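# coords please:
(one chain, ligands or ions: 2)
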Amino acid sequence: MNITYEHSQIAPGQHQAGIVHIGLGAFHRAHQAVYIEKTLAAKGGDWALVSANIRSNVSLVEQLNDANNRFHVVEYASSEQATVREICAMKEALFAGDEAGRQALIERLVDTHTKIVTMTVTEKGYFLSPASGELQLDHADLQHDLTHPNSPKTVIGLLAESLRQRRNADMPPFTVLCCDNMPHNGQRVKNAVVSFAKALDTSLAEWILQHVAFPSSMVDRIVPAMTEADFLAVNRDTGIDSPTVVKCEQFSQWVIEDDFPQGRPQWQDFGVQMVADVSAYEMMKLRMLNGSHSLLAYLGPIAGYETVAQALTDADIEQFLRNYMMQEVAPTLTSFEHDELSAYCEALIQRFKNDSLHHKLLQIAMDGSQKLPQRWLQSWLELTQASRTSAAIELGIAGWMRYVINCQATQSDLNDPLQAALYEAISGLNDKTQKVQALLAFGDVFPVQMSTDQALVERLTCQVARLSEQPLAETLHSLFSPAV
Ligand code: NAI
Ligand code: CS2
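Ligands and ions are numbered 1, 2, ... in the order given. This is a model prediction of the structure:
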């Protein structure tokens, strides 16, 4: 293994914290923190990070604190080559899942140095209807925040409360930068915060609408959750033995709408694409990359595969993904030339084959109800409208349905915020057609054009049965020409 070590060039404590991040998970450490590290090292400035968790993972925060918030990112180009980066850009890591932590986080959000608030709290962390993007104000957590607005538990409540305090103190607002894999993520978070504020104080909602910028962004770097085996492998490859280390692929992309009234780091000098409108990039990434990931997540395990790279050793699956990307996604991405999309597709196939990542299909299968609309269903609608085939997408939907049905039958964890409702909808039903209909009836996930389409119900029922009864290769061969 050929390892390059990149030691941090910044002195911790030298920079004020200009960015507060909510959602201190693996992705934040391996993506945003790396860009900030490079920017601070080369350009300086008061853009250090305060990074917080408001839900899970108090132990990660403690482990980071024990290491003065210094950690390492191991970027695997392949099983032969990796770069180890030391990151010192995080000035503070805090856990805000209790009252003291929440107040400490609000204090940082209201601090005059804070110019930008970034977030990676997963799709479900915003409490939006996945299909429409509307805020689900009746959710218990948001109801809690509406009745205790000074002690909010959700990211939406935290943004509203800290913006309220800034407005009352005559301070400028911060810019809100969502870094989760959602379509129009800035616009969705803006609508959510404004809807929430409206329910509390219409003048606050008005102030947010007029003064706060919510640029959208497209983020991309494959950062799998660390397993025990990964910690051992990283230790073996690099000598680093730390619970805060995170590993990822070498590739990284960040496209951001350039709307930062309070200023921003000079990201454009460090590979970030600053653009006027991110929607074409985000659509391409969500449908091509994430859409392929979800196909692998629900179909790969049927053939016995546990990771993305394992599934890509199967020539039929590789061919199936190419087919999906070029026949069912490319026609929906009208802003790009065919050659660009073809190159993007080939680059993705190569990224998926990186066998140092051990990216678990089960991790990607998580939260399916929050992911399907932007990854597959919008394309399905557009293809259907244009009378084009969407056989790969439909096989994926059948794969997801089979997965939900099997998890319900064995009462295992689906790892999805809609788990209870999905299980209730299909429990007691014996007939596969009825189960398919019951799942399609989830209006927060599937558009009405799908739930009322009888021919689709029949096709999905047939595919769910096939996926359960015959080898995946046979199903793929019957739908698509086999790999040569
Ligand atoms: P992770 O599991 O390491 O971290 C998840 C983070 O979300 C934690 O900080 C957790 O406390 C927080 N969270 C979860 N549910 C929440 C809720 N209801 N309210 C508030 N916070 C909540 O996951 P990771 O890898 O950091 O990914 C997080 C998100 O980042 C993804 O869902 C995706 O949207 C985005 N992302 C991840 C990529 C990856 O490869 N890991 C790549 C591109 C984007
Ligand atoms: C994955 C993404 O977990 C998932 O659903 O599809 O996290 C994926 O790895 C990233 O978006 C890559 O940028």
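# Please make it C-alpha for all contacts and neighbour counts, starting now.
Noted.
# pLDDT wise, what is the residue nearest the centre of the chain at?
For the chain, the residue lying nearest the average C-alpha position, counting by CA atoms, centre = their mean, turns out to be residue 181 (3.7 Å). Per-residue confidence for residue 181 comes out at a pLDDT of 98.
# any idea which helix or strand carries it?
Residue 181 is part of no helix or strand when elements are defined by DSSP states H and E.
# Residues of the protein that sit close to ligand 1?
Contact residues, the chain versus ligand 1 (CA under 6 Å from any ligand atom): 23-28, 53-57, 120-125, 154, 180-181, 219-224.
# of these, buried ones?
Among the residues of the chain next to ligand 1, the ones that count as buried by 16 or more other CA atoms under 10 Å are 23-28, 53-55, 120-121, 123-125, 154, 180-181, 219-224.
# what's the spacing between stretch 83-97 and its chain's center?
The gap between the average C-alpha position of stretch 83-97 and the chain average comes to 20 Å, counting by CA atoms, centre = their mean, to the nearest Å.
# Identify the residue nearest the residue in the stretch 1-150 of the chain positioned nearest to ligand 2 in space, chain neighbours excluded?
Distances from the stretch 1-150 of the chain to ligand 2, computed as CA to the nearest ligand atom, single out residue 27 as the nearest residue at 8.3 Å. Of all residues beyond its chain neighbours, the one nearest residue 27 is residue 223 (5.8 Å), with distances taken as CA to CA, 6 or more residues apart in numbering.
# and that neighbour, that's in a helix?
No: with DSSP: H, G, I helix; E, B strand; the rest coil as the criterion, residue 223 is coil rather than part of a helix.
# out of the residues of the chain next to ligand 1, which are inside helices?
Judged by DSSP state H, helices contain the following of these: 26-28.
# Next, the contact list for the residue of the stretch 1-150 of the chain closest to ligand 2, please.
The neighbours of residue 27, taking CA atoms under 8 Å, 6 or more residues apart in numbering as the test, are 120, 221, 223.
# shouldn't the second one be in contact with residue 285?
No: under the criterion of CA atoms under 8 Å, residue 221 is not in contact with residue 285, lying 10.9 Å apart.
# can you list the ones in helices among the residues of the chain next to ligand 1 in JSON lines and add pLDDT and distance to residue 314?
Formatted as JSON lines, those follow (pLDDT from 0 to 100; distance: CA to CA, whole Å):
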{"residue": "26", "pLDDT": "98", "distance to residue 314": "28"}
{"residue": "27", "pLDDT": "98", "distance to residue 314": "28"}
{"residue": "28", "pLDDT": "98", "distance to residue 314": "32"}
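# what comes up buried for the helix or strand hosting residue 187?
If you go by DSSP H and E, residue 187 is part of helix 185-200. By neighbour count with 16+ other CA under 10 Å, helix 185-200 contains the buried residues 185-197, 200.
# Model confidence for the closest residue to ligand 2 within the chain, exactly?
Closest to ligand 2 within the chain is residue 220: 3.4 Å, counting by CA to the nearest ligand atom. On the pLDDT scale, residue 220 is placed at 98.
# For it, give its distance to residue 182.
Using CA to CA, to the nearest Å, one gets 12 Å for the distance from residue 220 to residue 182.
# My reading is that residue 381 lies in a strand. Confirm?
No: the assignment for residue 381 (three-state DSSP) gives helix, which keeps it out of a strand.
# The spatially closest residue to it that is not a sequence neighbour: helix or strand, and which one exactly?
Nearest in space to residue 381, with sequence neighbours left out and distances taken as CA to CA, 6+ apart, is residue 449 at 7.9 Å. With the criterion set as DSSP H and E, the secondary-structure element containing residue 449 is helix 448-451.
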